[in-house]
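**Student:** After the sequence you'll find the predicted model.
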Amino acid sequence: MLKNDPEYFTAEKSVYAIFRETFKLKASSSNSVVAIIATIVAILYVCCTSEDETGIISRAHDLAVLGITFSTTLLGFLIAGFTVFATFTNKEMFIRIAFLPDPNTDGLSYLKSFFFVFMNVFIHYVGYLFFSFAVYFFLGKNGIVSEIARSYFWNYDMLVLRLSKLSIVIFMGWTFFLVMLLKSFVFNTYHVVMTTLRYEYEKQNGNL
């Protein structure tokens, strides 16, 4: 049993603190395998492609645009769905499980493990959006940042090419990982709703 302290509810003071705690969750092997396979395919592509420098840079730029659209669209739906879920889910049940340790985690309660799964998805999507913006502005051929950087790096074109290849690899692996995280998000939503219904059923039958 975890220490019955109300400070436990607000122990995390920053997004980074929450993200650090998410590493205590049990990682999904399927999520990792799919991401690793996608990364390996991307590495093979950038190493073996016959595409010229302009084509590779353009592909990285296109992936950045796709990443911005993909992440902003899904973040809107995820946040809206999470807000509705957190608002209407039984608060009494949340309080009862707040200090019950989840054996599938490294010292987290059931309450924290439920919510950290959601927060892990949000943090990854925000990070992915930030990375997409960075690639879009830094690697764009005619962008403001590119023009400034070109003045300070004598071999700027080679630097952009290598960063573009690296970006393609990261985009491929991370995008597939995010898609798999959506699977986890959907299952966790289902699991929490079913847990809430079971709690109400047990309560009505006098088992709690």
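**Tutor:** Ah, there it is. Values in this document were obtained by computation on a predicted structure and should not be read as measured data.
**Student:** Tell me which residue lies nearest the centroid of this protein.
**Tutor:** Nearest to the mean C-alpha position of the chain, by CA atoms, centre = their mean, lies residue 124 at 2.1 Å.
**Student:** Show me what the mean pLDDT comes to for stretch 192-207.
**Tutor:** Taken as a whole, stretch 192-207 carries a mean pLDDT of 79.
**Student:** and that stretch, C-alpha only, in CSV?
**Tutor:** What follows is stretch 192-207, C-alpha atoms only, in CSV (Å, rounded to 0.1, in the frame of the first residue of the first chain):
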residue,chain,number,x,y,z
VAL,A,192,-10.9,2.4,-17.4
VAL,A,193,-14.6,2.6,-18.5
MET,A,194,-15.1,-1.1,-17.8
THR,A,195,-13.3,-0.7,-14.4
THR,A,196,-15.7,2.1,-13.5
LEU,A,197,-18.7,0.0,-14.5
ARG,A,198,-17.5,-2.9,-12.5
TYR,A,199,-16.9,-0.7,-9.5
GLU,A,200,-20.5,0.5,-9.7
TYR,A,201,-21.8,-3.0,-10.1
GLU,A,202,-19.7,-4.3,-7.1
LYS,A,203,-20.9,-1.3,-5.1
GLN,A,204,-24.6,-1.9,-5.9
ASN,A,205,-24.2,-5.5,-4.9
GLY,A,206,-22.6,-4.6,-1.5
ASN,A,207,-19.2,-6.0,-2.4
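**Student:** Relative to the whole chain's centre, how far out is that stretch?
**Tutor:** 30 Å (CA atoms, centre = their mean, to the nearest Å).
**Student:** got the buried residues for it?
**Tutor:** 192, 195, 196, 199 (16 or more other CB atoms under 10 Å). (Each C-beta comes from the backbone N, C-alpha and C, glycine too.)
**Student:** Other residues contacting it?
**Tutor:** With contact meaning CB atoms under 8 Å, 6 or more residues apart in numbering, stretch 192-207 is reached by 85, 89, 90, 93, 96, 114, 208.
**Student:** Closest one of those to residue 15?
**Tutor:** residue 114 (17.9 Å; CB to CB).
**Student:** Find the residue closest to that closest one in space, skipping its chain neighbours.
**Tutor:** Using CB to CB, 6 or more residues apart in numbering and skipping residues adjacent in sequence, the residue nearest residue 114 is residue 192, 5.5 Å away.
**Student:** Please flag which of the buried residues of stretch 192-207 sit within helices.
**Tutor:** 192, 195, 196, 199 (DSSP state H).
**Student:** okay, the closest residue in space to residue 113 that isn't next to it in sequence: pLDDT?
**Tutor:** Leaving aside its chain neighbours, residue 113 sits nearest to residue 102 (4.4 Å; criterion: CB to CB, 6+ apart). Per-residue confidence (pLDDT) for residue 102: 81.
**Student:** Tell me where the chain is predicted with low confidence.
**Tutor:** 1-3, 140-150, 153-154, 207-208 (pLDDT under 70).
**Student:** can you give me the helices for it?
**Tutor:** Using DSSP H, helices in the chain cover 15-21, 29-48, 53-88, 91-96, 110-138, 144-152, 156-204.
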